[in-house]
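What follows is a predicted structure for the sequence shown.
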Amino acid sequence: MISPSVSALVDGEVYVPGLPADHLVDTYGIPADQIAKLGSAENPHGTSPLARRAVEQVLDRMSIYPEWTSRQLREAIARRYGVTPEGVVCGSGETEVIALVIRAYAGPGEPVLMHAPCFPLYRIFATMENRKPVYVPMGKDFNLEMDHYLDALASRPKIAFLTSPHNPSGQLVSEADVRRVCEAAHEDTLVVLDEAYIHYSETEGSVHLLRNYSNLMVLRTFSKAYGLAGLRVGFGMSGNAALIEPLRRLKPTWNVGQLQLAGAIAGLQDDAHVARAVKTVVEMRGYVAQQMASMTRFRMVPHSRANFFLTEILDPALDSDIVFEELLKRGVIVKNGNHIEGLGSRYLRVDLNLKVHMDRFLNALNDLPAR
């Protein structure tokens with residue numbers, strides 16, 4: 001008989017990632033070069049060239065265990081963001097750091113606060129660890145409703161997740177609101193600011209607030225702006241090194257390998273690659289908004305500052321399952337709102353990418369027959 005603690009690992013909903021392009025090649029026979037992959041928030045220009053070269057140069061080190069704390073990468077991150085190496089923990093993707101935070105800072109049955117909708121892994125990891133997800137609903141057009149969020153802090157959650165830009169809406173949490181949350185949080189509440197998509201907001205984010213708030217941790221990733229999603233590297237930072245120490249003790253011993261370390265250290269210096277990706281995303285954000293303004297069956301939800309946006313389905317004869325499948329048949333992969341925590345069947349999350357891919361998405365929407 002499976003115990004209740006184990007059943008939480010096998011009975012609950014699982015994370016549904018964006019489909020690979022191979023799925024459309026195999027299922028519909030669509031040539032790979034005619035597929036717009038807009039469901040995984042990947043870099044429109046691929047991998048950082050500096051990271052690629054660095055990885056190639058350490059291929060002969062794959063037989064050697066890495067330094068178990070990722071010391072060189074932590075030192076590079078510390079120099080970049082003005083924290084100490086002891087205030088940095090590295091993970092096999094930011095998602096591993098999220099899992100470590102939940103395990104370390106919330107006990108069984110204790111509350112973990114998040115917006116609804118949210119990045120599904122906040123809820124999934126919390127549920128699997130027998131923690132209690134607590135949701136703050138978002139407002140019209142996914143306004144972050146920060147006053148309601150502050151009210152929810154009064155229940156003293158063990159962890160308060162903020163995502164900026166928010167996933168899946170792309171809404172940016174202002175610095176003023178981050179400060180309000182840190183100042184309102186009880187001393188037993190850890191504030192975790194997830195800035196996975198921050199580069200695309202054209203802001204510096206809120207890392208500098210780590211100097212002011214000892215209850216704040218900032219998470220970032222190399223998967224998005226640096227184009228290293230397949231390498232799997234993420235990190236957490238705090239100005240209070242005591243918050244990081246439990247995570248470094250809890251993490252798998254060699255969780256970041258030689259290739260990951262080399263690629264991330266080099267990628268961190270590739271400002272030109274990041275700037276190129278940001279420029280493309282910002283230009284396409286404006287272009288798609290202009291093109292969708294005249295549509296009557298679909299609407300681009302405004303104010304995204306990420307490398308994706310929400311498409312609202314206005315046609316009552318359609319829902320996200322129908323549109324998702326119809327787009328697949330036309331060579332376009334997006335994220336189905338039914339597979340995103342708290343989003344539902346009236347929305348799709350769509351990446352911003354090269355113009356050829358955005359045109360394929362726009363043309364596919366216009367091509368959908370009326371029902």
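Happy to help now that I have it.

what domains does the record give for this protein?
Annotated domains of the chain cover 4-46+272-367, 49-269 [automatic domain parsing].

Show me the helices in the stretch 101-250 of the chain, by range?
Counting by DSSP state H, counting those that start in this stretch, the stretch 101-250 of the chain has helices at residues 120-128, 146-153, 175-184, 241-250.

Nearest to the spatial middle of this structure, which residue is it?
Residue closest to the average C-alpha location in the chain (C-alpha atoms, centre = their mean): Ala196, at 4.9 Å.

Confidence-wise, which of the helices of the stretch 101-250 of the chain is weakest overall?
Mean pLDDT is lowest for helix 120-128 out of these, coming in at a mean of 94.

now for that one, which elements pack on it?
Helices and strands touching helix 120-128, by 3 or more C-beta pairs under 8 Å, 6 or more residues apart in numbering; DSSP states H and E, are helix 4-11, helix 94-105, strand 111-116, strand 132-137. For every residue, glycine as well, the C-beta is placed using N, CA and C.

could you give the angle of the longest one to helix 120-128?
When axes from the mean of the first three to the mean of the last three C-alpha atoms, to 10 degrees is applied, the directions of helix 94-105 and helix 120-128 differ by 40 degrees.

And helix 94-105, how far out from the chain middle?
In this view, helix 94-105 has its centroid 14 Å away from the chain centroid, taken as C-alpha atoms, centre = their mean, to the nearest Å.

where exactly do the strands run in the stretch 201-350 of the chain?
Using DSSP state E, counting those that start in this stretch, the strands found in the stretch 201-350 of the chain span residues 216-221, 234-237, 298-300, 308-313, 332-333, 335-336, 347-351.

Nearest to Val191, out of those strands?
For those, the distance to Val191 is smallest for strand 216-221, at 4.9 Å, taking C-beta to C-beta.

Which strands or helices does that closest one pack on?
With contacts taken as 3+ C-beta pairs under 8 Å, 6+ apart, strand 216-221 sits against helix 94-105, strand 190-194, strand 234-237.

Throw those into JSON lines and include mean neighbour count and mean pLDDT, thanks.
Putting the helices and strands packed on strand 216-221 into JSON lines (neighbours: other C-beta atoms under 10 Å; pLDDT from 0 to 100) gives the following:
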{"stretch": "helix 94-105", "mean neighbour count": "22", "mean pLDDT": "98"}
{"stretch": "strand 190-194", "mean neighbour count": "25", "mean pLDDT": "98"}
{"stretch": "strand 234-237", "mean neighbour count": "26", "mean pLDDT": "98"}
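
Including distance to Met284, could these go into TSV?
Shown next, in TSV, are the helices and strands packed on strand 216-221 (distance: least, C-beta to C-beta, whole Å):
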stretch	distance to Met284
helix 94-105	24
strand 190-194	23
strand 234-237	25
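
Please name the nearest non-neighbouring residue to Tyr135.
Among residues not flanking Tyr135 along the chain, Ala116 sits closest, at 3.8 Å (C-beta to C-beta, 6 or more residues apart in numbering).

how close does that neighbour sit to Pro137?
In this view, Ala116 and Pro137 are 5 Å apart by C-beta to C-beta, to the nearest Å.

the more surrounded of the two?
Ala116 (14 against 11; other C-beta atoms under 10 Å).

what sits against Leu121?
Tyr15, Thr95, Ile98, Ala99 (C-beta atoms under 8 Å, 6 or more residues apart in numbering).

again, only using 10 Å
Each residue near Leu121 by C-beta atoms under 10 Å, 6 or more residues apart in numbering is listed here: Tyr15, Glu94, Thr95, Ile98, Ala99, Ile102, Met128, Asn167, Glu341.

and of those residues, the nearest to Tyr81?
Glu94 (14.8 Å).

Do I have it right that the closest one meets Glu195?
Yes: using C-beta atoms under 10 Å, Glu94 makes contact with Glu195 at a distance of 9.4 Å.

Near Leu59, how many other residues are there?
10.

That one: what's it in contact with?
With the criterion set at C-beta under 10 Å, 6+ apart, Leu59 makes contact with Gln258, Leu259, Ala262.

Go through those and flag which are in helices.
Gln258, Leu259, Ala262 (DSSP state H).

any idea which element Ser40 lies in?
Using DSSP states H and E, Ser40 sits in no helix or strand.

residues touching the nearest residue to it once chain neighbours are set aside, list them.
Of all residues not flanking Ser40 in the chain, Gly18 sits nearest, at 3.6 Å (C-beta to C-beta, 6+ apart). By C-beta under 10 Å, 6+ apart, the residues touching Gly18 are 37-42, 333-336, 339, 349, 351.
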